[in-house]
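>>> No sequence on hand, only this structure:
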């Protein structure tokens, strides 16, 4: 059994998301011989929050995660490595510089469609937190540039939680809408 901690309790990051839109992931466990499930999760970032993410928090993807800007729309994407029931596992992660100058790294994301959270392995200022830490709660998607981003999977909006804002050294950012995620594993 995995040890999970809330960022609110651990004083770390939690980006929030609740209503799931689109088809749910298969309830079966999938394993590919290569260990690579296929598919990806893409997050279309809220353009109003982008300056805070890139300039203040200096967010950067950890490989194989990617930050791209097709058509002027900033997107983060992470490859899906495995699907176990309603848990979708990913490679890569994100690194942040906290407002106080510290470092926060979240890697090996799991999107858990049953609990409604994205959790990750987390390192705060060089110290690995035990177990997995809830990073995002799954919420309703919101329009970005006037429209809901297209999603051929399960869509969810991401909102910064008070615990996440505190861990990033910016408690006033609590409740900020980060962007819309699309979780799209490849079909077997």
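Noted; the coordinates are in hand. Every value quoted in this text rests on a predicted model; they were computed, and no experiment measured them.
>>> need the helices for the chain, in chain order.
7-10, 50-51, 162-167 (DSSP state H).
>>> weakest of the ones you listed in terms of mean pLDDT?
Mean pLDDT per stretch puts helix 7-10 lowest among the helices of the chain, at a mean of 27.
>>> Would you report the backbone torsion angles of residue 59?
phi -60, psi 140 (degrees, to the nearest 10).
>>> Tell me how many other residues surround it.
20 (other CB atoms under 10 Å). The way it works is simple: take the backbone N, C-alpha and C, and place the C-beta from them, glycine included.
>>> now do residue 67
16.
>>> same deal with residue 47?
Using other CB under 10 Å: residue 47 sits among 13 other residues.
>>> Please apply the same query to the one 5 residues further on.
For residue 52, the number of neighbouring residues by other CB under 10 Å comes to 18.
>>> From what I see, residue 110 and residue 90 are in contact.
Yes - Residue 110 is within contact range of residue 90, at 7.2 Å (criterion: CB atoms under 8 Å).
>>> quick one: which of these two has more around it?
residue 90 (25 against 22).
>>> thought that one was touching residue 76?
No - counting by CB under 8 Å, residue 90 stays clear of residue 76, with 10.9 Å between them.
>>> now the nearest residue to residue 134 once chain neighbours are set aside: how far from residue 172?
Among residues not flanking residue 134 along the chain, residue 117 sits closest, at 4.4 Å (CB to CB, 6 or more residues apart in numbering). From residue 117 over to residue 172 the distance is 23 Å, taken as CB to CB, to the nearest Å.
>>> These two: who's more crowded?
residue 117 (23 against 8).
>>> what residues are up against the more buried one?
134-138 (CB atoms under 8 Å, 6 or more residues apart in numbering).
>>> Please tell me the pLDDT value assigned to it.
Value for residue 117, per-residue pLDDT: 83.
>>> ok, now residue 181?
97.
>>> So what sits opposite the nearest residue to it once chain neighbours are set aside in the bridge?
Leaving aside its sequence neighbours, residue 181 sits nearest to residue 43 (CB to CB, 6+ apart; 4.7 Å). Beta-bridge pairing for residue 43 (DSSP bridges): residue 76, residue 181.
>>> Go ahead and confirm residue 43 touches residue 76.
Yes - at 4.5 Å, residue 43 counts as touching residue 76 under the criterion of CB under 8 Å.
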